[in-house]
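Colleague: Sequence and predicted model, in that order:
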Amino acid sequence: MVDNNPLLDMPGITFGYNRQPLLYDVHFQVRAGEMVGLLGPNGSGKTTLLRLISGVLRPQQGVVMLDGRDSRAWGRREVARRVAVVPQEMHVPFAFSVEELVGLGRTPYVRLLGSHTKEDQNIVRGALQAADIETLAGRIFNELSGGERQRVMVAMALAQRPALLLLDEPTSHLDIKYQIELLELVQKLNRETGVTVIAAMHDLNLAARYFPRLVLFQRGIVADATPAEVLEPHLLRRVYGINVQVGILRGAEHISILPPGNDAVAGDEQHAMQPRVHVMAGGGSGELLMRALADARIPFSAGALNIGDSDHTLALRLAQDVITEQPYSPISPAVLEEVRLRLAQVTVLILCPVPVGPGNLSLLREAVEAAQRGMITLLLAPVALTDGNASAGTLTDEDTLLRQTGIEVRDYTGGEGVKAIRALLQCGARVVNNVKEVVEVARVGLSGSCGPPP
Amino acid sequence: MKMATRTTFIQSWRERSRRLPASLVLGALAIALVVAIFLGVNFGAIAIPGSVIVRILLNSTGLFHFARQWDPTVEVIVLQSRMPVVIGAGLVGAALSVAGVLFQGMLRNPLADPYLIGTSSGAALGAAIAFVLPYDAIINGAYFSLTPMLAFFGAVLSVLFVYAIARVGGQTPVVTLLLAGVVINAVLVAIQTLILTISPHAQFTLDSLFSWLAGGVSVTTWMPDVIVGSFVVVGFALAWMLSGALDAFGLGEEGAAHLGLQVERYKLLIIVVGSLLTAAAVSISGLIGFVGLVVPHTMRLLLGPRHRLLLPASALAGAIFLILADLLARTVIAPTTLPVGVFTALVGAPFFLFLLRNNKRAYRW
C-alpha cells in the first residue's frame, strides 16, 4: 500500500488523551478513491483516529499529511474544504431546516460577510439530490427519523465538497433498513464522485460487504487488507476477544461472521493455537514486540504482568494466554509456578527490556533456569541503545552484549539483575536489536523444533 | 377554489417550517419601532400631540422649517427629555437582545442570557462601589456620573475574569465557563453585600442600589445615548459578521470545527462582543432582566435559527419591547416611575409562554 502521492498519510503518529498513549506509532495511508472500513472493539481508538485525521485533535508525535501537506499547515478552513465528517449523531438545539443545515456545509467557502452565491446554492441542491433528500428540504431536522437525519448529515458533508469523507460509526443508531440504505448511498458516492471514504464500523458483516479494504484496529493497526484476510477467526478472537466462525457465502465479497456453531470446533482451534513463544515484558517495553508477533500471526503467551500495566492490557488482546499478577504487587509464588509451567511448554522465550526490581527479579531467575534447560532465549535490546549498524550476530564479547541489553541502567536490585542477565548470556541467550529480528528468529526457532513440545 | 388553495398553502406552511418571510418581518418590525418611538415620546406627565412631535423632530433635522405654533417648553421636553430616554431604552433593548442571541447561540443553552457569565454581578458590584464612594456627589454636575462607568468596567472585568478562570490548556469548555460564571457571580455578590454592610450610610445606599438593580433607563441628556449607541452599532456590526459562525456553533463545537471554524477564537470573540454590548446597556439601565432571554427566543420561534436574520430582528424587537416597557413604567402610576424590569417580566413572560406552547415541536434543546 505504498503510494508516492497518497491523499492521506500518517507516517507514525502517537496520541494519548493523558500520559499513556492510546495510539502508538500508527502508520496509515489512504489513496484517493479508496473506501476503507475501520474495525476494532470499543475503546480501540477508531474514533480518535478519525478525529486526528479531521484535525480536531493533534497528534503528540508525527504529522497528518493531507494532500501532501501537513494538515496543521493547511489551517482549519482549508482542511474543512478537503475533509468532511459525518458524526455518529448530531444534536442540534435550534430548529434548522434541512436545507439550512446542508447550506452550513458551505461554511468553509463563505467569506466573513458573504452570503451564498448561485454556485453555493447549486452545490447545496446537488448535495440534497445526491443524498436523495430533496423532498425533505423544508422539513425541520429535529423532526426527522434517524435514517433521514443520517442522510442529511451526509448531504451536509457533501456540500463541503470534500476529497475525504469520514464516517464515525454511521450506522450504529439505525435499524437494518437504514443501515443498508446509508452504506449503499456512501458506496454510490464513492463510485460516482470518487470521494474517498474512511468509516469506523461496528458491524463486521456490513463492513465486509461494503468496504474493499478493512483496517483492524487495536490501539494500532493489527491488520490492513481485504475483508477475506482481515476477517479471520484467529485475528478477530485476539482483537475482540470472542470466538467466531467466518463463512464465505457467495464469492469472496460476501463474508459472514457468525457466533461459533459448536464448541468442539472452537476447542480444537484453541488446541492448535497453543502458543510456543513466551514474552516477559512490562511497562510498555513489550508493546512493539507483541504487536509485531500478532502481525506475524505467531501465537504467544505473556507474563507475568501486573494488572494496570499497559503491556498487560495489550497482551490481553493480542496474546493467547496471559499470566496475571495483582496491581503493583511483586510476583507471588503461585504466579511464579504458573510461569514455570508455561515455560515448560514453550520453545522460545523473549525478554523485553523491562526495569528489574525486587518484585520481578524472580521472573528473571526463572528465565535463567529455562535457558539452562536449553530454551531458545532472546533478549530484546532497548530502542534508545540500539546501534543501527551493529547486528547481534557479529558481537561476541560478553560485556558488549551485556551493555547492549541495557541492564545496568534498568537494574534496581543492586547487581542481582545484571548477574541474571550475565547468566542468561552464558547459557547462549541472544541479544536482538529490533523487533523485526526477534520475529524472524522466533519463526526460525519454531520451525526448527518439530511438533508441539511434550 | 380559492379557499382550497388557501388552506393547502397554510397547511404546507405549517407542515414545512412555520416561518414568516424575512423581508416582511424586518419591515414590520421597523415600522413598529417608529410607532413605538412615537408612543414613547407622546405619553408622559403631559401628552404631546403626534403632529407636533413630527414637526419638532423634522425641524430638528435642519431640513424642514415648520412655523413654531407650540410652546417652546414642549420642544425642550421632546428633544431634551423624552427623546433621550426613549432612544436610550431602545438602545438598551437592542443591546441586551443581541447579546442574548450571541450567548444562547454560543453556549447552546436555552437559559443563557446576557448576564449569565458574570456581567450582572460585576456591574452590580461596580454600581455598589459607586454608591458607597463619596465622589459621586462632587462630579454630579458633570454629564456622566460614576455609577455607569463603574458598572461598565465591573461587567467587562468580571467576564474577562470568568473567561480566564475557565480557560484550561488552550480550551474553554462551555460547562467550565458556566460553572466559573456561577462561582464568580456568588463571590462578587458576597463582596457587594460586604461593602454595603460596612458602608457608613447603608440605608441610603441600599435604597439607591435597589432601584438601580430593578432596572430603569436613567438618561437625562444625549451624551450617554451617543456613547452607548456607538457601542451598540459597532457591537451589532461585529455580531452580524459572526452570524455564519454562530450558525455553525449550533452543531456543537466539534461540528463547528469540522466546518473549518477556529472554535476557541470565535468563542472569545463572541464573549467579548456580547459582554461589551451588555456592559454598555447595563451602564445606563441597571439590571433589566428578561429582555435578553425572551426576545431572542421569541424571534427564533418566529423566524428560525439563522443568525443573519435573527440578529437584526432581535435588535429591532428588543428595542421595541423595551421602549414600550419603559413607557408603561413611566405612565401607569405617573408621575411615579416604576422599575422597567417589572414590566419586561409581566408583559414578556405570558407572551413568551403563549408562543412556546403553540410551538412545542420547533423547540428541542
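Modeller: Yep, that arrived.

Colleague: hey, where'd the helices end up in the stretch 201-350 of chain B?
Modeller: B:202-214, B:222-241, B:243-249, B:253-258, B:263-285, B:291-303, B:307-331, B:340-358 (DSSP state H, counting those that start in this stretch).

Colleague: need the contact list for the closest residue to chain B within the stretch 51-200 of chain A.
Modeller: At 2.9 Å from chain B, A:Ala80 is the closest residue in the stretch 51-200 of chain A, using C-beta to the nearest C-beta. Every residue, glycine included, has its C-beta placed from N, CA and C. Shown in contact with A:Ala80 (C-beta atoms under 8 Å, 6 or more residues apart in numbering or on different chains): A:107-108, A:160, B:258-260.

Colleague: Adding mean pLDDT, write the helices of the stretch 201-350 of chain B out as CSV.
Modeller: Converted to CSV, those look like this (pLDDT from 0 to 100):
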stretch, mean pLDDT
helix B:202-214, 73
helix B:222-241, 91
helix B:243-249, 91
helix B:253-258, 91
helix B:263-285, 90
helix B:291-303, 87
helix B:307-331, 92
helix B:340-358, 80
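
Colleague: Compare those and give me the one nearest chain A.
Modeller: helix B:253-258 (4.5 Å).

Colleague: And A:Val279, its phi and psi?
Modeller: With angles defined as degrees, to the nearest 10, A:Val279 sits at phi -120, psi 130.

Colleague: So what's the residue count around residue 35?
Modeller: No chain specified, so I'll use chain A. Using other C-beta atoms under 10 Å in any protein chain shown, A:Met35 has 20 neighbouring residues.

Colleague: that's the other chain; I wanted chain B
Modeller: 13.

Colleague: so it sits in a helix?
Modeller: Yes - note on B:Val35: a helix contains this position according to DSSP: H, G, I helix; E, B strand; the rest coil.

Colleague: measure it to B:Ala319 for me?
Modeller: Counting by C-beta to C-beta, to the nearest Å, the separation of B:Val35 from B:Ala319 is 12 Å.

Colleague: Ok, A:Pro6 next?
Modeller: A:Pro6 is 56 Å from B:Ala319, by C-beta to C-beta.

Colleague: Quick check on these two: which one has the bigger neighbour count.
Modeller: Neighbour totals were compared for A:Pro6 and B:Ala319, and B:Ala319 leads with 29 against 20 (other C-beta under 10 Å).

Colleague: check contacts around the more buried one.
Modeller: B:33, B:36, B:89-91, B:93-94, B:97.

Colleague: which residue sits closest to it, ignoring its sequence neighbours?
Modeller: B:Gly90 (3.8 Å; C-beta to C-beta, 6 or more residues apart in numbering or on different chains).

Colleague: pLDDT at that neighbour, what is it?
Modeller: Here the pLDDT value assigned to B:Gly90 is 94.

Colleague: just the one 3 residues further on next, same as before
Modeller: pLDDT for B:Gly93: 94.

Colleague: With B:Ala45 instead?
Modeller: 68.

Colleague: can you pull out the helices in the stretch 101-250 of chain A?
Modeller: A:118-130, A:146-159, A:176-193, A:204-210, A:227-230, A:233-240.

Colleague: Reformat the ones you listed into JSON lines and put distance to B:Leu251 and mean neighbour count next to each item.
Modeller: Shown next, in JSON lines, are these (distance: least, C-beta to C-beta, whole Å; neighbours: other C-beta atoms under 10 Å in any protein chain shown):
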{"stretch": "helix A:118-130", "distance to B:Leu251": "16", "mean neighbour count": "16"}
{"stretch": "helix A:146-159", "distance to B:Leu251": "9", "mean neighbour count": "24"}
{"stretch": "helix A:176-193", "distance to B:Leu251": "19", "mean neighbour count": "16"}
{"stretch": "helix A:204-210", "distance to B:Leu251": "26", "mean neighbour count": "21"}
{"stretch": "helix A:227-230", "distance to B:Leu251": "33", "mean neighbour count": "19"}
{"stretch": "helix A:233-240", "distance to B:Leu251": "32", "mean neighbour count": "20"}
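
Colleague: and A:Leu231, how far is that from A:Phe211?
Modeller: With distances taken as C-beta to C-beta, A:Leu231 is found 11 Å from A:Phe211.

Colleague: Just give the closest residue to A:Leu364, not the sequence neighbours.
Modeller: Leaving aside its sequence neighbours, A:Leu364 sits nearest to A:Ala420 (C-beta to C-beta, 6+ apart; 4.2 Å).

Colleague: my read: the one you found touches A:Ser362, true?
Modeller: No - taking contacts as C-beta atoms under 8 Å, A:Ala420 lies outside contact range of A:Ser362: 9.9 Å.

Colleague: between these two, who's got more neighbours?
Modeller: Neighbours were counted for A:Ala420 and for A:Ser362 using other C-beta under 10 Å; A:Ala420 has more, 24 against 18.

Colleague: Next, the buried residues of the helix or strand hosting that one.
Modeller: If you go by DSSP states H and E, A:Ala420 is part of helix A:416-426. Buried residues in helix A:416-426, counted by 16 or more other C-beta atoms under 10 Å in any protein chain shown: A:416-425.

Colleague: in chain A, which helix or strand is least confident?
Modeller: helix A:263-272 (a mean of 45; mean pLDDT, DSSP states H and E).

Colleague: contacting residues for B:Leu287?
Modeller: So B:Leu287 contacts B:115, B:120, B:123-124, B:212-215, B:341 (C-beta under 8 Å, 6+ apart).

Colleague: Reformat those residues as JSON lines; add distance to B:Ser81 and neighbour count.
Modeller: Compiled in JSON lines, the contacts of B:Leu287 are given as follows (distance: C-beta to C-beta, whole Å; neighbours: other C-beta atoms under 10 Å in any protein chain shown):
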{"residue": "B:Tyr115", "distance to B:Ser81": "29", "neighbour count": "26"}
{"residue": "B:Ser120", "distance to B:Ser81": "29", "neighbour count": "25"}
{"residue": "B:Ala123", "distance to B:Ser81": "26", "neighbour count": "33"}
{"residue": "B:Ala124", "distance to B:Ser81": "28", "neighbour count": "25"}
{"residue": "B:Trp212", "distance to B:Ser81": "21", "neighbour count": "23"}
{"residue": "B:Leu213", "distance to B:Ser81": "24", "neighbour count": "20"}
{"residue": "B:Ala214", "distance to B:Ser81": "22", "neighbour count": "17"}
{"residue": "B:Gly215", "distance to B:Ser81": "20", "neighbour count": "26"}
{"residue": "B:Gly341", "distance to B:Ser81": "22", "neighbour count": "21"}
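
Colleague: Adding distance to chain A, write these out as a markdown table.
Modeller: Output for the contacts of B:Leu287, formatted as a markdown table (distance: C-beta to the nearest C-beta, whole Å):
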| residue | distance to chain A |
| --- | --- |
| B:Tyr115 | 20 |
| B:Ser120 | 23 |
| B:Ala123 | 28 |
| B:Ala124 | 30 |
| B:Trp212 | 34 |
| B:Leu213 | 31 |
| B:Ala214 | 31 |
| B:Gly215 | 28 |
| B:Gly341 | 27 |
